[in-house]
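>>> sequence unavailable; structure follows:
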């Protein structure tokens, strides 16, 4: 008789209701494929350097972005979906662009923000001169960490750029060329196990950001062959088992962000694609 695999779904210690359906769907589909599933919040287990004990599981669905917990679990031999390295790279938007750079993956031009350690410091005006000369207005300003469109801003002129530079100066951040053809619209493509599962167009009538969490709408769409190829190459380059890749649309599709723990609730509802089931199948087969 084939042994039932033990799956641990690990969520953020302070996760809110936003995550509930995602977790339930994954647990449901894993159980339907014969896995024993346990869901826990990060912190339930004594993860510490020098402690070699292991949680009782064959693999872990890591739905957190805690790079320390991920690294400790992986170092102890726990199979993670996604890997600790992939999660860390995708959590930092600037690191994502750096990792993809030079691999033939089209992206909007992106400039890292300068690190600042002092609240009374003034953002470097000469650096902002170079940013505006290189990118032109509007300029997208982003915290390097964040999700659901929070921490993403747009500067229409130098006064707004100065104000946003002041706002983000104490945190890792970046400046990015604004793609006007994709105002309030992008394409979210989900890739699982190196294969393109499907796509949605996310759109907003009132915001340059299309995030569902900010009121954007999702509509099923076909995946053009060029975007499918770029999405698969992006996932492979970053070593991702599962991801949602956001494309800005125009004459050339551009990879804007890669989400290692992309929410799929709206995606499943819009497309009728069983994302949780496809991901569950991949995890069971590869653990």
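In hand now; what should we look at? Values in this document were obtained by computation on a predicted structure and should not be read as measured data.

>>> quick one, helices of the protein?
20-32, 67-75, 84-91, 93-100, 125-135, 158-168, 225-238, 265-271, 275-285 (DSSP state H).

>>> now these as JSON lines including mean neighbour count and distance to residue 201?
(Glycine included, C-beta is placed from N, CA and C.) Output for the helices of the chain, formatted as JSON lines (neighbours: other Cβ atoms under 10 Å; distance: least, Cβ to Cβ, whole Å):
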{"stretch": "helix 20-32", "mean neighbour count": "17", "distance to residue 201": "21"}
{"stretch": "helix 67-75", "mean neighbour count": "18", "distance to residue 201": "32"}
{"stretch": "helix 84-91", "mean neighbour count": "22", "distance to residue 201": "22"}
{"stretch": "helix 93-100", "mean neighbour count": "20", "distance to residue 201": "22"}
{"stretch": "helix 125-135", "mean neighbour count": "14", "distance to residue 201": "25"}
{"stretch": "helix 158-168", "mean neighbour count": "17", "distance to residue 201": "28"}
{"stretch": "helix 225-238", "mean neighbour count": "18", "distance to residue 201": "12"}
{"stretch": "helix 265-271", "mean neighbour count": "19", "distance to residue 201": "9"}
{"stretch": "helix 275-285", "mean neighbour count": "20", "distance to residue 201": "16"}
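
>>> and those: which comes nearest residue 245?
helix 225-238 (5.0 Å; Cβ to Cβ).

>>> ok, residues contacting the closest one?
Contacting residues not belonging to helix 225-238 are listed as 86, 89-90, 96, 99-100, 103-106, 187, 189, 191, 194-196, 199, 223, 243, 245, 247, 253, 255, 258 [Cβ atoms under 8 Å, 6 or more residues apart in numbering].

>>> so, low pLDDT: which residues of the stretch 51-200 of the chain?
Low-confidence regions of the stretch 51-200 of the chain, defined by pLDDT under 70, span residues 148-149.

>>> who are the contact partners of the closest residue to residue 155 other than its chain neighbours?
Closest residue in space to residue 155, ignoring its immediate chain neighbours: residue 161 at 4.0 Å, by Cβ to Cβ, 6 or more residues apart in numbering. With contact set as Cβ under 8 Å, 6+ apart, residue 161 has these partners: 128, 131-132, 137, 139, 141, 155.

>>> residue 170: which of those residues is nearest?
Checking those against residue 170 with Cβ to Cβ, the nearest one is residue 141 at 13.8 Å.

>>> wait, the closest one sits on residue 164?
Yes. With contact defined as Cβ atoms under 8 Å, residue 141 and residue 164 form a contacting pair (4.4 Å).

>>> can you name the residues bridging to the residue most central in space within the chain?
Closest to where the C-alpha atoms of the chain average out (Cα atoms, centre = their mean) is residue 259, at 1.6 Å. Partner residues in beta bridges with residue 259: residue 244, with DSSP bridges as the criterion.

>>> for it, what are its contacts?
Taking Cβ under 8 Å, 6+ apart, one finds 90, 147, 243-246 in contact with residue 259.

>>> kindly report the same for residue 165.
Remark: with contacts taken as Cβ under 8 Å, 6+ apart, residue 165 is in contact with 113, 123, 128, 141.

>>> same check, this time on residue 58
Contacts were defined as Cβ under 8 Å, 6+ apart; by that measure residue 58 touches 5-7, 79, 287.

>>> which non-adjacent residue is nearest it?
For residue 58, the nearest residue in space outside its immediate sequence neighbours is residue 5; the separation is 4.5 Å by Cβ to Cβ, 6+ apart.
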